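Need coordinates for the below:
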Amino acid sequence: IKDYDGKCQRTHGHRWEVEVHLQCEELDKLNMLLDFSKVKKTMDKIIDEFLDHWHLNETLEEENVTAEFLAKWFFGMFINVFYSTYAGTTADLARIVIWESPNCCVEYDGAN
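Below you'll find the model as predicted:
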């Protein structure tokens, strides 16, 4: 993290975990929000294309890839990939939660 006063100013890694929270007005005829395999396929596509085994500052073209930045980035990317692949779904993305470690997380709900 550029201009950060601490260990995180050097190149380092994390074992990120991402939570996708969805919501809807009504369940479908099977009493489901949606098939979770669609969420998994969307996340796999995003992770494989942009994140897995990549230097995030380069692939995301951002100097400071923080958990906060990733939450906002994932929110926008999930909307783009998911809704272009599964047009017509009634599920709405409520928020993305990024876990940087087992006890530190940040969430983004698209508000700003």
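
can you point me to the longest strand in this protein?
If you go by DSSP state E, the chain has its longest strand at strand 92-101.

Just give the strands next to it in its sheet, each with its orientation.
Strand 92-101 sits in its sheet next to strand 17-23 (antiparallel), strand 104-108 (antiparallel), going by DSSP bridges.

Quick one: end-to-end length of stretch 89-107, please.
23 Å (C-alpha to C-alpha, to the nearest Å).

Show the average pLDDT along it.
For stretch 89-107, mean pLDDT rounds to 92.

From the chain's centroid, how far away is it?
7 Å (C-alpha atoms, centre = their mean, to the nearest Å).

got the contact list for it?
14-26, 28, 33-34, 38, 67-68, 70-71, 74-75, 78-79, 82-83, 108-110 (C-beta atoms under 8 Å, 6 or more residues apart in numbering). C-betas here are computed from N, CA, C, even on glycine.

ditto for stretch 65-82
Taking C-beta under 8 Å, 6+ apart as the rule, stretch 65-82 contacts 1, 16, 18, 20, 38-39, 42-43, 45-46, 50, 56-57, 60, 62, 89, 93, 95-98, 100, 104-110.

Name only those of these that count as buried.
For these, a neighbour count by 16 or more other C-beta atoms under 10 Å gives the buried set as 1, 18, 20, 39, 42-43, 46, 56, 60, 89, 93, 95-98, 100, 106-108.

Do you know the pLDDT at Asp48?
89.

and it, that's in a strand?
No: assigned with DSSP: H, G, I helix; E, B strand; the rest coil, Asp48 falls outside any strand and is helix.

Which of the helices and strands in this structure ranks last by mean pLDDT?
helix 56-59 (a mean of 66; mean pLDDT, DSSP states H and E).

moving C-terminal of that helix, what's the next helix or strand?
Note on helix 56-59: by DSSP states H and E, the next helix or strand toward the C-terminus is helix 67-85.
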